[in-house]
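Chemist: Got a predicted structure here, sequence first:
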Amino acid sequence: MRVLVVGAGLTGGACAALLRGAARARLAVWEKARGAGGRMGTSRGARDPACTADLGAQYVTLEAGRAGPRGSLSEELLSHGILEPLRAPVEGMVVKEGSCNYVAPQGISSIVKYYLKQSGADVFYEQHVTHISLRDGKWEVSRKTGPPEQFDIVILTMPVPQILQLQGDIVNIISESQKQQLESASYSSRYALGLFYEAGTRIDVPWAAQYITGNPCIRFISIDNKKRNIESPEIGPSVVVHTTVTFGSEHLDSDLAEVQQLILSHLEEVVPSLPQPASIKCQKWRYSQVTKAVPNCQGQMILHTQPLLICGGDGFTRSNFDGCIDSAVSLAEAVKSHLQQF
């Protein structure tokens, strides 16, 4: 049976990994971006691809006493060196008792890439899904480029508002009560700025990252390579700036170049000693973090049973590593249960 996972973020990647070897399932993953990660994305400098920066999630917080699939999924990351303890100083960080913070030395997207590799799925990028319709007992999935394809099972892991934007039979398949549930999910928005420097550039600050209070624009700054324990004379440093949620919502539909200039002017006030970067990337996260999850569901929602159409992601749990993994586990269990019926 052909199974399609839409979205190569953390939930999609982990769900695909959990479905590896599932009876009679041939897995495909479609992602609209050019690479894996979603909001756990790692960007490369325009001049030096070796210089990277995490523009989404900055580190992973794991709580003690993890068991079952959730525990084994994170244990794998630690045993393979995908995750390492966060040793660098982060000013203003609140550490929850019984939890530990970890960084991904090769970039936060390496977590999702690891899961996708483990899944054995056929992964395709720049596949923007637009329509989902019923055709002869299967799902016909259309995208912006390329012909439509048919699948026996479709798993949607994109942000909830993007699920509601899909066209085709799915519009009438989602019941009124499900639609109301989905519409009640809400997200914060923010911008992230990546500053990429040439090898040998020195950034003289005593911290690896810090949370900023009292600035209307900037909430978090990270010397990203320092935070990830990968300082190297051959690779230039990178700096990541995250805006406040208020700034993100106020400038959500502003011109990207203007927003970039605004963030840079605030950054100069906060860290006046920063040198000129070789390149800059401004990233808008329209759906940054879930502020209100879809109510009354256990990490996923079945939209149609025969054939199976199911959706999940942090919009059905919470916006952290465990939230995405919990949803992935819930999705995989529902799909495996469905597969066992055949």
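Modeler: Perfect, thanks for sending it. Residues are numbered from 1 along each chain as shown.
Chemist: Least confident secondary structure element in the protein?
Modeler: helix 68-79 (a mean of 88; mean pLDDT, DSSP states H and E).
Chemist: doesn't R66 fall inside a helix?
Modeler: No. Assessed with DSSP: H, G, I helix; E, B strand; the rest coil, R66 is coil; it does not lie in a helix.
Chemist: still on that earlier bit, buried residues in the least confident helix or strand of the chain?
Modeler: P69, R70, L73, S74, L77 (16 or more other C-beta atoms under 10 Å). For every residue, glycine as well, the C-beta is placed using N, CA and C.
Chemist: longest helix of the chain?
Modeler: helix 321-339 (DSSP state H).
Chemist: Check which helices and strands that one sits against.
Modeler: Packing contacts for helix 321-339, counted by 3 or more C-beta pairs under 8 Å, 6 or more residues apart in numbering; DSSP states H and E, involve helix 10-18, strand 60-63, helix 68-79, strand 153-156, strand 300-304, strand 308-312.
Chemist: I'd like to know which of the ones you listed is closest to V90.
Modeler: Nearest to V90, of all those, is strand 60-63, at 11.8 Å by C-beta to C-beta.
Chemist: partners of that closest one, with directions?
Modeler: strand 99-103 (antiparallel) (DSSP bridges).
Chemist: Could you tell me the average pLDDT over the strand it pairs with, please?
Modeler: Regarding strand 99-103, the rounded mean pLDDT is 93.
Chemist: For it, give me every contacting residue.
Modeler: Under the criterion C-beta atoms under 8 Å, 6 or more residues apart in numbering, residues 58-64, 77-78, 83-86, 88, 93, 95, 227-229 lie in contact with strand 99-103.
Chemist: hmm, which of those are the buried ones?
Modeler: Q58, Y59, V60, L62, L77, L83, L86, A88, K227, R228.
Chemist: tell me the two of these that are most distant?
Modeler: L77 and A88 (18.7 Å).
Chemist: residues contacting the residue lying closest to Y197 once chain neighbours are set aside?
Modeler: Once flanking residues are discounted, Y197 sits nearest to G236: 4.2 Å by C-beta to C-beta, 6 or more residues apart in numbering. Going by C-beta under 8 Å, 6+ apart, G236 touches G45, D48, A50, C51, F196, Y197, E198, A199, G200, T201, A278.
Chemist: for G236, helix, strand, or coil?
Modeler: coil.
Chemist: what's the neighbour count on the residue nearest to R26 when sequence neighbours are not counted?
Modeler: Using C-beta to C-beta, 6+ apart and skipping the chain neighbours, the partner closest in space to R26 is R2 (5.4 Å). Counted by other C-beta atoms under 10 Å, the residues lying close to R2 total 16.
Chemist: Against Q106, how distant is R2?
Modeler: R2 sits 31 Å away from Q106 when distances are taken as C-beta to C-beta, to the nearest Å.
Chemist: Likewise for T42?
Modeler: 8 Å.
Chemist: Same check on L264?
Modeler: Distance from L264 to Q106, by C-beta to C-beta: 28 Å.
Chemist: what do you get for L77?
Modeler: 11 Å.
Chemist: One more: H304?
Modeler: 38 Å.
Chemist: what does H131 give?
Modeler: Counting by C-beta to C-beta - H131 and Q106 are separated by 36 Å.
Chemist: No further questions, thank you.
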